[in-house]
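A.B. asks: Would you be able to build a 3D model of this:
(one chain, ligands or ions: 1)
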Amino acid sequence: MASGLLGTITQAPCPRAMTALAAAAVAVAIDLIFRFRDYRKLLNSFSAAAIMRSLSTLTLVFLQVVALFYLITLLPLSLRVVVLLISAFVVIVQLSYWRTLSQFMTATDLFLAVTVSGDHRVEAILSFFKPLVLLYSLPYVLILSGLALAPPVSAFWMALPLSLLPVLYLLGSNYILFLHVPERSFHLNPLTSFLRSILHCKFESLRSYHGPRDDLPPFNASQRPLDSVIYVIDESVRGSNLSLNGYPRSTTPFLQSLETRGLLKNLGICVAAGSFSHISNAYLITGHNEFPDDTFQTDRNPTIFDYAKKMGYETIYIDVNNVYLSSLMKAAGDSPVRSLDRWMNEDSFEYLHIDLDVTKDPGVARVLSGLLNERSGRFIIVNKKGLHFHYSNNYPDDMASTLWEPVLKASESLDSSPAGRERLVNTYDNGIRFQVDEFFRVFVSETTNQNYAVLYTSDHGQTLAEHGQVYTHMKPDMEIVDVPDFIVSGERYGQKRLMDGIAPGIRVSHLNNFATLLDLMGVPASLRVRPYDKSIFSLTAEDNRERYYMSGSLHGSGDFTVEKIPTPPEPGWGVSRPVGNNTEVKL
Ligand SMILES: [Zn+2]
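C.D. replies: Numbers count the residues shown, from 1 in each chain. Below is the predicted model of the structure:
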């Protein structure tokens, strides 16, 4: 019926504009049918004034759909087909997002999609994609193919002046949305929403800080330190799934043995700064402590490497997770990353003939031990591979590593039914045992130079579909910011007395880690150029009544939210349980 209507329109005056208008109307009507519940929520949740405001936004967006469709009809037929195929792909991605996260992609999602490593991208697609989406996309694709029916412009150069007005409208109206309408508010169409996210990224990048980071005051370390300080930032490790934190399955027996021997100081469940890697790493490495970062302090603050270098440490960055190193590298351009003596990524491991696909994180632990045994006075940050979905890719597929069964295979998608959750959690726990406990077992047993301290945390946790979520992280759910935090020190660590001074009953967040590292490195107060949050050595049980975190746009433009974990936390927060009664290690 829709194509018959379009057929009539192609005979009308201004056939391209009419085709675009009709196609836009049908596209919006289809959106109304598919996302009816979202539209109804929109009507229920606002006052009359807010409804008027969103009506004008929706009109603005409707005209964007018309403008976009009109631009497509200006293209020669062959190019139109290419654009329509790309559009169909975008619609599928957008609808997958919406089915999983109840929203279209935001500028932050898009930014992450283009900046994260290929592995993460594939993992995200695997966890989001459901074949049903293809069915949902079909009507949109039919409408788009209707645009191919509009008569082409007789000469291509004639299309240029015709395209000027719609292009200007798309730029101008999206700039208005960027300035005045929060990204999380409702959007009519998957394609214009995507265009909006692209332009949002561009506008934000124009507004961002691109200068050098602030310098530290002059200071001369008298000698190279005798100890080494290591900061391990894990990936997707939920604190309450460690038996060290009371989880009923023995996921971290080695860490518990270290605690018994007085070599591990556990700080309990820590609140992550953000619900995904980019935010957490930005805060962890620069010590910024306000949410969101609307003053670009995470781009201005000296990094922890700057402090380490000043204190005389040799600085090394091991990033096998491609999360933050790449952004520091980009900022450095062709020059070396400031205050960084050496960086190692997956290629460096290949060069050392270590296959991380086989050894996984324990292979990184071995290299870390080698670095400590070689020389003292090193400050090393490790961004581990940890436990991204699919979890079964993070431990060897053998009997010895599969302690809890049944597991979720890498070919299966995330399923929140009780049986699905049981497999999900079993797989995750096998992963913790290997990527966390085995990592430390290898590291501690192979390090002969025992004058070191390791501060360990994870960038964020995982939902484990606890409340039916079909996503692993990214959203502001409380369980996503449940992460571990502890210090492992070597037998001959010179600053052991620091550990003895930790007050009982403290509540830690990621924001406490920066000053903790400064204290471990003995950075004098005169050198500290920002009012960082307290280190764990000066926290008391009275501090941190509320622990804040954020999700969404790091710099607070567009879709973001700042949340808190109160004291006491809501019941169930910081607690995780296996599904079923299967807590014993399989014999
Ligand atoms: Zn992450």
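A.B. asks: In contact with the residue of the stretch 201-350 of the chain found nearest the ion, which residues?
C.D. replies: Per C-beta to the ion, S277 is where the stretch 201-350 of the chain lies closest to the ion, at 3.2 Å. Every residue, glycine included, has its C-beta placed from N, CA and C. Neighbouring residues of S277 by C-beta atoms under 8 Å, 6 or more residues apart in numbering: 116, 235, 321, 323-324, 459-460.
A.B. asks: okay if I get those residues as a markdown table plus secondary structure, distance to the ion and pLDDT?
C.D. replies: Output for those, formatted as a markdown table (DSSP: H, G, I helix; E, B strand; the rest coil; distance: C-beta to the ion, whole Å; pLDDT from 0 to 100):
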| residue | secondary structure | distance to the ion | pLDDT |
| --- | --- | --- | --- |
| V116 | coil | 9 | 65 |
| E235 | coil | 5 | 96 |
| N321 | coil | 8 | 88 |
| V323 | coil | 7 | 77 |
| Y324 | coil | 10 | 75 |
| D459 | coil | 4 | 96 |
| H460 | coil | 6 | 96 |
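A.B. asks: Isn't R423 up against V407?
C.D. replies: Yes: R423 is within contact range of V407, at 5.7 Å (criterion: C-beta atoms under 8 Å).
A.B. asks: number of nearby residues for I233?
C.D. replies: Neighbourhood size, I233 [other C-beta atoms under 10 Å]: 27.
A.B. asks: Revised request: answer the last question for G370.
C.D. replies: Using other C-beta under 10 Å, G370 has 12 other residues around it.
A.B. asks: In space, what's closest to it - neighbours in sequence excluded?
C.D. replies: Computed as C-beta to C-beta, 6 or more residues apart in numbering, the closest residue to G370 that is not its neighbour in sequence is E446, at 7.9 Å.
A.B. asks: check contacts around the one you found.
C.D. replies: Shown in contact with E446 (C-beta under 8 Å, 6+ apart): 365-366, 369-370, 373.
A.B. asks: where's it relative to I487, distance?
C.D. replies: Distance of E446 to I487, computed by C-beta to C-beta, to the nearest Å: 19 Å.
A.B. asks: can you check Y395 too?
C.D. replies: Distance from Y395 to I487, by C-beta to C-beta: 25 Å.
A.B. asks: Comparing these two, which residue is more hemmed in?
C.D. replies: Y395 (24 against 20).
A.B. asks: Need the three-state assignment for M550.
C.D. replies: Assigned with DSSP: H, G, I helix; E, B strand; the rest coil, M550 falls in the strand class.
A.B. asks: next one: the one 4 residues further on
C.D. replies: Assigned by three-state DSSP, the conformation of L554 is coil.
A.B. asks: Next, find the distance separating it from Y169.
C.D. replies: Applying C-beta to C-beta to L554 and Y169 gives a distance of 29 Å.
A.B. asks: Repeat that for V141.
C.D. replies: 25 Å.
A.B. asks: likewise A17?
C.D. replies: 13 Å.
A.B. asks: coming back round to it: in helices, which of the contacts of E446 appear?
C.D. replies: Judged by DSSP state H, helices contain the following of the contacts of E446: 365-366, 369-370, 373.
A.B. asks: And those, which of them are buried?
C.D. replies: Among these, those classed as buried by neighbour count (16 or more other C-beta atoms under 10 Å) are 365-366, 369.
A.B. asks: can you count the residues close to S551?
C.D. replies: 25.
A.B. asks: what's the answer for W573, then?
C.D. replies: Per other C-beta under 10 Å, the neighbour tally for W573 reads 16.
A.B. asks: mind checking how far it is from L242?
C.D. replies: Between W573 and L242 the computed distance is 15 Å (C-beta to C-beta).
A.B. asks: contacting residues around V364?
C.D. replies: Contacts of V364 by C-beta under 8 Å, 6+ apart are 318, 320, 349, 356, 382, 384-385, 439.
A.B. asks: Between L554 and Y169, which has more neighbouring residues?
C.D. replies: Here L554 and Y169 are set side by side on neighbour count (other C-beta under 10 Å), and the busier one is L554, at 27 against 18.
A.B. asks: Surely that one is in contact with H278?
C.D. replies: Yes: assessed by C-beta under 8 Å, L554 is found in contact with H278 at 6.6 Å.
A.B. asks: Enumerate the residues of this structure near the ion.
C.D. replies: By C-beta under 5 Å from the ion, the residues of the chain that approach the ion are 235, 277, 459.
A.B. asks: I'd like the residues you listed laid out as CSV, including distance to V26.
C.D. replies: Converted to CSV, the residues of the chain next to the ion look like this (distance: C-beta to C-beta, whole Å):
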residue, distance to V26
E235, 44
S277, 40
D459, 43
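A.B. asks: what's the closest of the ones in helices among the contacts of E446 to the ion?
C.D. replies: Ranked by distance to the ion (C-beta to the ion), those are led by A365 at 19.3 Å.
A.B. asks: isn't that closest one right next to V436, touching?
C.D. replies: No: the criterion here is C-beta under 8 Å, and A365 misses it with V436 at 10.6 Å.
A.B. asks: tell me the domain ranges of the protein?
C.D. replies: Per automatic domain parsing, the structural domains of the chain span 2-207, 228-565.
A.B. asks: Run through this structure and note the low-pLDDT ranges.
C.D. replies: Counting by pLDDT under 70, the chain contains low-confidence residues at 1-13, 45-46, 116-128, 184-185, 581-587.
A.B. asks: Quick check: longest helix in it by residues?
C.D. replies: Across the chain, the longest stretch assigned as helix under DSSP H is helix 48-74.
A.B. asks: Ignoring the adjacent residues along the chain, who's closest to the residue nearest the centre of the chain?
C.D. replies: Geometric centre of the chain, nearest residue: F276, 2.7 Å, by C-alpha atoms, centre = their mean. Leaving aside its sequence neighbours, F276 sits nearest to M474 (C-beta to C-beta, 6+ apart; 5.0 Å).
A.B. asks: quick check, the one you found in a helix?
C.D. replies: No: M474 is assigned coil when assessed by three-state DSSP, not a helix.
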